[in-house]
Every structure is written in C-alpha cells, then in structure tokens.
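Student: Based on what follows, work out the 3D shape:
(one chain, ligands or ions: 2)
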Amino acid sequence: MNHSSFCRLIRPMVPSTCRVGRQQGPLTGILKKQYHSFANGLGEKQPFSLIWPWMKTEPLCESSTSTPRPTYEILGPGMIHLKNYVSLKDQVDIVNICQKWGMESGGFYKPSCQNGADNRQHMCFGRNWDPETRYDNIYTSDGSEPPPIPYELTSLAETAIQDAQAHLEEDELPSMCPDTCSVSFYPLDGRLGLHQDLDENSDALQKGLPVVSISIGYMAEFLYGHTRDEQKLNKVWLQSGDVIIFGGKSRLVYHGVSQICPYSAPQPLVSATALRAGRLSLTLRTI
Ligand SMILES: O=C(O)CCC(=O)C(=O)O
Ligand SMILES: [Fe+2]
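Tutor: Ligands and ions are numbered 1, 2, ... in the order given. Here you go, the predicted structure:
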C-alpha cells in the first residue's frame, strides 16, 4: 500500500501521541562534537548539505509523480521489505525536511568513532544516538538538543508497521511509536558494518518492537541474517522509496549495508530536490 500521509500535510498537523519534544536537561559539561564537515576554502567549516547547492530544481510533474506499484516480500518472521512504499512526492518532502534540519545546529556531522569504511553523515530527530555515546548523552553534534521527530516521519513509520502487520501473521510484528529517528547519508563509498540494534531499552528488545528503515536516493545492498557469518547472510537491494521493517522474532537480526549502487536514484527525485549522489536512510525506533 502506498503511504499518503504526506498528502495530508496541507491540513494542520495533528500532534502524534508519541511525538517527543525537545529534551529538557542540562547541557553543561556535554561534550561538543565537531559537526561541520566541509571546509569552504577559507578555513571555515560548512554544514554538510544533502543537496547540490548549484543545481536548479524542477517541481515534480504529473507524469513523473507516479511511483511504481508497491509490493512486498516477507524476509523472515516479523521482517518485511515494503517495496516502492513511499511515493515520489513523499520522498521529495523527506529530503527537504532532512535538508532543512540537517543544515541547522545539531544537524549532519560525521561521528568521530566511525570506522574507516563507515563515512556516513549523521543526525537525529527525537532522541539523540551517536555511535560513541549511544543513547546515553543528549548532545548532538554541536551540543544542542535534537529536533522533535517530524510528524510526517512518525506517521509514515506507524502506517508502514500497520501495513506490514496486515501481510504478516497475527502478533508476528508488534506496533511501535517511534521516539527516535536516526538519519544517515551514505556517499557512494559509504558502508555500515554488520551489527544488531541493541541500544534500545530491554523492554523494547524483549517485546521485539520493530525497527523501521526508509531508503531514499541511491540503491543499497542490505545484508541480513541470524549469524555473523557473511557467507550465510541474505541480501536484498533497497531502492528509493522502500521500507524495511524488522521486529518480533527478527528484532535482533544482524544487518548492514555492503554497497551503494551509483546512478540508481529516480531521476524525478533528483530533479526535484538536487539530492547529491548517495543514499539517505532514516531509521525509526523506540528506545
Ligand atoms: O541504513 C540502513 O538502512 C540501516 C541503518 C541501521 O542499521 C542503523 O542505523 O542501525
Ligand atoms: Fe542497525
């Protein structure tokens, strides 16, 4: 089923029950991270921009707004790949939202402890997660608080889970209200090593509350399986507009991103946003 919550954005936004506001709390003593990633040649750091600043954009035209037919594939118990789930228009809106917040204080930065192959740009909505501090601290790249999760993203994740539940056995996939959304931009050589998502609270893990990952831009090869043995892992290509969900018995599945496929973003998306070469991924969870 195609998600159409973004079309409803012209109406006033209804606050989601699980929307998380800016966190309160002392920021003193919070470690500040280097957040701007690109020097402008004058010694000043510039925020990372998701879009090519020099590229002219063109609005999506009627003929280009039709997204391919949504389909799905069940990958395991509580794990599903929703293909072409997010419409082109919604993908454009997501890029614009991430670009807006990504350029603000607390926006995109490159975590210092990422390993060599992992050169993603990163930011968070809702609660802050950093590869170094996990969820323990609330600082973002520059010490500011993360922005709340935009309603459009919360709503998209919740609707995707409901649609996934309709395809799966009863009780295979619990519902989940996200309170954190981690946003990553993978350049062409960006990778994410094999791992399990274990930083959420033990109750969420025990209940198998799902992780929802949305892909936009270049296609990514996503590895997953119940073993660390790379030979035994399954692979799936995630395209722009796809959503992958893993919860229930698959909540602790090993997963990672092994390659990004160049020139694989939908042209209307690039024309409408000037999205730079790479993949934008948004991962929503409850912690
Ligand atoms: O980029 C993705 O699709 C996966 C992200 C992920 O696994 C994570 O952030 O833990
Ligand atoms: Fe993960």
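
Student: pretty sure Cys98 is touching Leu280, no?
Tutor: Yes - Cys98 is within contact range of Leu280, at 6.3 Å (criterion: C-beta atoms under 8 Å). Bear in mind the C-beta positions are built from the backbone N, C-alpha and C, glycine included.

Student: residues shared between the contacts of the two?
Tutor: Taking C-beta atoms under 8 Å, 6 or more residues apart in numbering as the contact rule, Cys98 and Leu280 both touch 50, 183.

Student: Which pLDDT value does the model give Ser144?
Tutor: As predicted, Ser144 sits at a pLDDT of 78.

Student: these two touch, right, it and Ser105?
Tutor: Yes - taking C-beta under 8 Å as the definition, Ser144 is a contact partner of Ser105 at 4.7 Å.

Student: who's more crowded, these two?
Tutor: The neighbour count for Ser144 versus Ser105, taken as other C-beta atoms under 10 Å, is higher for Ser144 (19 against 14).

Student: ok, and the nearest residue in space to that one that is not next to it in sequence, which helix or strand is that part of?
Tutor: Among residues not flanking Ser144 along the chain, Gly106 sits closest, at 4.0 Å (C-beta to C-beta, 6 or more residues apart in numbering). Following DSSP states H and E, one finds Gly106 outside all helices and strands.

Student: how close does Gly106 sit to ligand 1?
Tutor: Remark: distance between Gly106 and ligand 1 (C-beta to the nearest ligand atom, to the nearest Å) = 18 Å.

Student: can you list contacts of stretch 68-82?
Tutor: Residues from elsewhere that reach stretch 68-82 (C-beta under 8 Å, 6+ apart): 1-2, 83-85, 160, 163-164, 167-169, 172-173, 208, 210, 224, 234, 236, 238, 242-251, 253.

Student: Filter those residues down to the ones in strands?
Tutor: Residues from the contacts of stretch 68-82 lying in strands, with DSSP state E as the criterion: 83, 224, 234, 236, 238, 243-246.

Student: biggest separation within those residues, which pair?
Tutor: Farthest pair in these (C-beta to C-beta) is Asn234 and Val243. Separation: 17.2 Å.

Student: of those two, who's got more company?
Tutor: Counted by other C-beta under 10 Å, Asn234 and Val243 do not tie: Val243 has more neighbours, with 28 against 14.

Student: For that one, give me the pLDDT.
Tutor: Looking at Val243, the pLDDT reads 98.

Student: again, but for Leu9
Tutor: At Leu9, the pLDDT value in this model is 30.

Student: remind me which residues of the stretch 101-250 of the chain are low pLDDT?
Tutor: 113-117, 136-141 (pLDDT under 70).

Student: Could I get the full set of strands for it?
Tutor: For the stretch 101-250 of the chain, applying DSSP state E, counting those that start in this stretch gives strands covering 121-126, 180-186, 192-195, 211-217, 219-225, 234-238, 243-246.
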